[in-house]
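Chemist: Structure here, sequence nowhere to be found:
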Ligand SMILES: *Cc1c(COP(=O)(O)O)cnc(C)c1O
């Protein structure tokens, strides 16, 4: 498997999975993609239906990381996707153990407009958000790769919540890796703060910056742009453009597909075109999660629609409705009650545009040059936009009022508590139900992470998994620093000696 940049640099070079694992953007500013997508056969689908999550992950990942010896990759994914790591599944007692073993259980809601509607639970991992699904794999991949080369890595990031905690829980105790995570001092919820700051591992450093999230983000950019410092202190990132994160997420689309079609009679002799279709709705921000769905579909998984759900920050919905991609400034980026989708531009979007434009790097380069200079591009009048439908994409947006009423409705109708991001997904999914085609909404977080909005919607406390009882009372370990890149550099220097 060879990896190429969406902007075409180094077209003659070879990049393996391990080569791009520790890097971020390609050197021309593009994103990495495989030179072609591996395809699945009906025979493989038939065999994969009954595999455990870890064994399915091995089958999917080996197609993308053929430079890692198979037995080592297999051991690594089995270490990653274990029932005791994904132990926060819904439902107590007897049902619980079985659901945890499934890693991403499918939770049926009911049949609406003739379509079976269900949630794919992706948030049963250590930090109760879907980012664990990929980040846990990344932690083990980093440790494995660094051990082989004898290198160290210092991960520097900024977080307003989900990403930072997922990264810290994935990297805690890993050999060769340190995490320096910047967060805005006193700006996160008590739950999110406690999740991160209660970690006592020696390789995890929580830096509470006196400022807002954008200040923390600016510091990360400033440090990363100091190339000498970056090289000397082996600074890396784990942001959502990381290819290994995207590819790890491909696995659960297969898993969700198999679960939603469990009752159907298909086997290796069923032509791929005759396999049942399933639609997925994905609460989206940086387009990382739904990009993985796009890749699963390109591999031949029979996905009908990929429904992109946004909140009030509707950059992506605007594109899929109109063909206009227009990034937003800070003043136009709203703080909403589904905060992990509050983005002004979608960092993984370029991967889809590359495929939409027939994999033409010169055009991708031109369009994303326009994003930088003019704040966007317009494909409405080109033939390209008409092809979006061939890729299965449709979209919709949600608002606070819709979010609240959807949480209430799902609670009243199905006795199921959903978080605010998943609620955006459900409300948009309902616009695209088709008789006989299962609709799977990806559940991206558990309600306890956004307890305040749950109280507003349901006038009751959010369900708290047993492992999180008393979280806020645990001792916390963090350092307060001024919003000053030099002070952060000094801190890194002092703590990497
Ligand atoms: C990160 C996140 C999203 C958005 O995912 P993208 O891959 O950025 O599109 C949605 N919901 C939750 C809870 C998240 O943490």
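Modeler: Sure, I can see it. Note that the structure is a prediction, hence the values are computed from the model and not measured.

Chemist: can you count the residues close to residue 148?
Modeler: Number of residues near residue 148 (other CB atoms under 10 Å) recorded here: 11. Where you see a C-beta, it was placed from the backbone N, CA and C, and this is true even at glycine.

Chemist: For the stretch 101-250 of the chain, which residues are neighbours of the ligand?
Modeler: When proximity is defined as CB under 6 Å from any ligand atom, the stretch 101-250 of the chain approaches the ligand at 129, 131, 162, 240.

Chemist: and with 8 Å instead?
Modeler: Contact residues, the stretch 101-250 of the chain versus the ligand (CB under 8 Å from any ligand atom): 123, 129-131, 161-163, 166, 240, 249.

Chemist: Next, the distance between the ends of stretch 55-72.
Modeler: From its first residue to its last, stretch 55-72 covers 13 Å (CA to CA, to the nearest Å).

Chemist: ugh, wrong one, stretch 234-245
Modeler: This stretch, stretch 234-245, spans 20 Å end to end (CA to CA).

Chemist: and what of stretch 471-485?
Modeler: The first and final residues of stretch 471-485 sit 31 Å from each other (CA to CA).

Chemist: Quick check: mean pLDDT of that stretch?
Modeler: Across stretch 471-485, pLDDT averages out at 96.

Chemist: Please spell out which residues along that stretch are buried.
Modeler: Buried residues in stretch 471-485, defined by neighbour count with 16 or more other CB atoms under 10 Å: 478, 481, 483, 485.

Chemist: Look up how far residue 51 lies from the third one.
Modeler: For residue 483, the distance to residue 51 under the criterion CB to CB, to the nearest Å works out to 48 Å.

Chemist: next one: the second one
Modeler: Residue 481 sits 46 Å away from residue 51, going by CB to CB.

Chemist: Just give me the least confident of the residues of the stretch 101-250 of the chain next to the ligand.
Modeler: Within those, residue 161 has the lowest pLDDT, namely 76.

Chemist: contacting residues around that residue?
Modeler: Neighbouring residues of residue 161 by CB atoms under 8 Å, 6 or more residues apart in numbering: 188-189, 192, 339-340, 449.

Chemist: Quick check: phi and psi at residue 33.
Modeler: Main-chain dihedrals, residue 33, degrees, to the nearest 10: phi -140, psi 160.

Chemist: wait, what's in contact with it?
Modeler: Counting by CB under 8 Å, 6+ apart, residue 33 touches 3-4, 6, 243, 351, 354.

Chemist: about what we covered before: taking the buried residues of stretch 471-485 one by one, which sit in strands?
Modeler: Counting by DSSP state E, the part of the buried residues of stretch 471-485 found in strands is residue 481.

Chemist: Out of the buried residues of stretch 471-485, which comes closest to the ligand?
Modeler: Nearest to the ligand among the buried residues of stretch 471-485 is residue 478, at 21.1 Å by CB to the nearest ligand atom.

Chemist: hang on, isn't the closest one packed against residue 209?
Modeler: No: the pair residue 478 / residue 209 is not scored as a contact, 10.5 Å apart, by CB atoms under 8 Å.

Chemist: Local confidence estimate at residue 100?
Modeler: So, for residue 100, pLDDT stands at 84.

Chemist: wait, is it part of a strand?
Modeler: No: counting by DSSP: H, G, I helix; E, B strand; the rest coil, residue 100 falls outside a strand, being helix.

Chemist: My guess is it contacts residue 124. True?
Modeler: Yes: if you go by CB under 8 Å, residue 100 and residue 124 touch, sitting 6.9 Å apart.

Chemist: joint contacts of the two?
Modeler: Both residue 100 and residue 124 are contacted by 86-89, under the criterion CB under 8 Å, 6+ apart.

Chemist: Let's have the residues you listed in JSON lines, adding neighbour count.
Modeler: Converted to JSON lines, the shared contacts of residue 100 and residue 124 look like this (neighbours: other CB atoms under 10 Å):
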{"residue": "86", "neighbour count": "26"}
{"residue": "87", "neighbour count": "18"}
{"residue": "88", "neighbour count": "23"}
{"residue": "89", "neighbour count": "23"}
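
Chemist: quick one: which of the residues you listed is nearest to residue 114?
Modeler: residue 89 (28.6 Å; CB to CB).

Chemist: which residues of the stretch 151-300 of the chain fall in strands?
Modeler: Assignment of strands within the stretch 151-300 of the chain using DSSP state E, counting those that start in this stretch yields the ranges 153-158, 177-184, 204-210, 235-236, 278-283.

Chemist: among the helices and strands of the chain, which has the poorest mean pLDDT?
Modeler: The helix or strand of the chain with the lowest confidence, counting by mean pLDDT, DSSP states H and E, is helix 93-101 at a mean of 72.

Chemist: And the next helix or strand past that helix?
Modeler: strand 106-112 (DSSP states H and E).

Chemist: Mind checking what helix or strand follows that following strand in sequence?
Modeler: strand 115-121.

Chemist: okay, the angle between that following strand and strand 106-112?
Modeler: Angle of strand 115-121 versus strand 106-112, following axes from the mean of the first three to the mean of the last three CA atoms, to 10 degrees, is 160 degrees.

Chemist: Partner strands of strand 115-121, with direction?
Modeler: strand 106-112 (antiparallel), strand 439-443 (parallel) (DSSP bridges).

Chemist: Deepest in the core, which of those strands is it.
Modeler: A comparison of the strands paired with strand 115-121 by mean neighbour count, using mean count of other CB atoms under 10 Å, puts strand 439-443 on top with a mean of 28.

Chemist: what's next to that one, contact-wise?
Modeler: 106-107, 115-123, 130, 252, 256-257, 260, 278-283, 289, 418-419, 422, 425-426, 429, 432-433.

Chemist: what about 6 Å?
Modeler: For strand 439-443, the surrounding residues in contact (CB atoms under 6 Å, 6 or more residues apart in numbering) are 115, 117-123, 256, 260, 279-282, 422, 425-426, 429, 433.
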